[in-house]
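A.B. asks: take a look and give me a structure for this.
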Amino acid sequence: MIDRTVFDLPDTKTNPEHFGRTESSRGEMQGAFLQARVVALVECGMQTIIAAEIGASSTGETTLAHSLLKNLNNELRLLVDRGFSGYHL
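C.D. replies: Residues are numbered from 1 along each chain as shown. Coordinates of the predicted model:
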């Protein structure tokens, strides 16, 4: 299965440079929390992470997931959520 989550990050000196800041709806143009998007290829039976990609929260789920596909083989069945509707894998 491929799925994603978002983690809040500490506001260190280097994290904003690497992950950027999310936009705010309150006019400040920067969100209060730094965030990283994580997309993972997970084995459902054992709930084991096979591979994961981490990027800025502004990076799309499908963009990060593309590099996970090299970890698939003929013995695995891939389940994806509705965010991949129409996405060519």
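A.B. asks: any idea how far Thr63 is from Ser85?
C.D. replies: Per Cβ to Cβ, to the nearest Å, Ser85 is found 16 Å from Thr63. The way it works is simple: take the backbone N, C-alpha and C, and place the C-beta from them, glycine included.
A.B. asks: of those two, who's got more company?
C.D. replies: Taking neighbours as other Cβ atoms under 10 Å, Ser85 and Thr63 compare with Thr63 leading, 12 against 7.
A.B. asks: now the helix or strand hosting that one, how far from the centre of its chain.
C.D. replies: Using DSSP states H and E, Thr63 sits in helix 61-66. The chain centroid and the centroid of helix 61-66 are separated by 7 Å, computed with Cα atoms, centre = their mean, to the nearest Å.
A.B. asks: which residues of this structure fall in strands?
C.D. replies: Using DSSP state E, the strands found in the chain span residues 2-9, 34-43, 48-56.
A.B. asks: wait, which of the ones you listed is closest to Gly20?
C.D. replies: Nearest to Gly20 among the strands of the chain is strand 48-56; the distance by Cβ to Cβ comes to 4.8 Å.
A.B. asks: excluding chain neighbours, what is closest to Leu68?
C.D. replies: The shortest distance from Leu68 to any non-neighbouring residue, by Cβ to Cβ, 6 or more residues apart in numbering, is to Leu41 (4.5 Å).
A.B. asks: what separation do you get for that neighbour and Gly86?
C.D. replies: Leu41 sits 20 Å away from Gly86, taking Cβ to Cβ as the criterion.
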